[in-house]
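1. Got a predicted model here, sequence first, then my questions.
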Amino acid sequence: MQKPIILPVKGVSPTIPENCFIAPNATIVGDVVMGNDCSVWFNAVVRGDVNSIRMGNKVNIQDGACIHCTYEKTKTVLGNNVSIGHNALVHGCTVEDNVLIGMGAILMDGVTIGSNSIIAAGAVVLENTIVPPGSIYAGVPAKKVKDINQELVHGEIDRIANNYVMYSSWFK
């Protein structure tokens, strides 16, 4: 069986708790620290080679997503209970707790996504954009479309994060 690519960069190796799931063809390199119950799915790349990447607990990086940062400029920080959708690109930004980043979304350097927010599939969040907590952003470039209600926080954000912990268990 194929094993994930997990490599040190400049003497710094990823820190991955034992209760995390890393798909056989995922890549995690360099200064990456993951919390508990995280998952990195098929063909996803988490590249902490040029700056640091920090993940809270219950973060899922879905198939084909890329998490990176900018040399000597921006690190990437992902809070707790964060879902990064399939083929999303999250680059040099901060994503606070309880956030869903939709499939194919792009988050540029310096972006901050406030807690309890959703970034719609295909959205492009431009450099240095601040998404207020409790917002739904969509479009190219991404703009606020509405405030999120608590049903979406629990019905979508929590559900997806919890489902990915369950899906991970199927592979262990």
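-> In hand now; what should we look at?

2. longest strand in this protein, by residue count?
-> Secondary structure of the chain per DSSP state E: the longest strand is strand 45-55.

3. who does it touch, helix- and strand-wise?
-> strand 27-33, strand 66-68, strand 76-78 (3 or more C-beta pairs under 8 Å, 6 or more residues apart in numbering; DSSP states H and E). In this view, the C-beta of every residue, glycine as well, is placed from N, C-alpha and C.

4. Out of these, which one sits most buried?
-> strand 76-78 (a mean of 24; mean count of other C-beta atoms under 10 Å).

5. Can you name the next helix or strand after the helix or strand bottoming out on mean pLDDT in the chain?
-> The weakest-scoring helix or strand in the chain, judged by mean pLDDT, DSSP states H and E, is helix 150-152 (a mean of 81). For helix 150-152, the succeeding helix or strand toward the C-terminus, using DSSP states H and E, is helix 159-170.

6. Could you pull out the buried residues of that following helix?
-> Judged by neighbour count using 16 or more other C-beta atoms under 10 Å, the buried positions of helix 159-170 are 160, 161, 164, 165, 168.

7. Same list, those, but as JSON lines with pLDDT and distance to residue 153 please.
-> Output for those, formatted as JSON lines (pLDDT from 0 to 100; distance: C-beta to C-beta, whole Å):
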{"residue": "160", "pLDDT": "95", "distance to residue 153": "11"}
{"residue": "161", "pLDDT": "96", "distance to residue 153": "11"}
{"residue": "164", "pLDDT": "97", "distance to residue 153": "16"}
{"residue": "165", "pLDDT": "97", "distance to residue 153": "17"}
{"residue": "168", "pLDDT": "96", "distance to residue 153": "22"}
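
8. Just give me the closest of those to residue 141.
-> Within the buried residues of helix 159-170, the smallest distance to residue 141 is 24.4 Å, found for residue 160 (C-beta to C-beta).

9. how about the nearest residue to the closest one, chain neighbours excluded?
-> residue 83 (4.6 Å; C-beta to C-beta, 6 or more residues apart in numbering).

10. Tell me what that neighbour is bridged to.
-> Listed beta-bridge partners, residue 83: residue 60, residue 100 (assigned using DSSP bridges).

11. Need the per-residue pLDDT for it.
-> Listed pLDDT for residue 83 reads 98.

12. how about it, what does it touch?
-> 59, 60, 62, 99, 100, 101, 157, 160, 161, 164 (C-beta atoms under 8 Å, 6 or more residues apart in numbering).

13. ok, it to residue 119 distance?
-> 10 Å (C-beta to C-beta, to the nearest Å).

14. Show me the common contact partners of the two, please.
-> Shared contacts of residue 83 and residue 119, defined by C-beta under 8 Å, 6+ apart, comprise 99, 100, 101.
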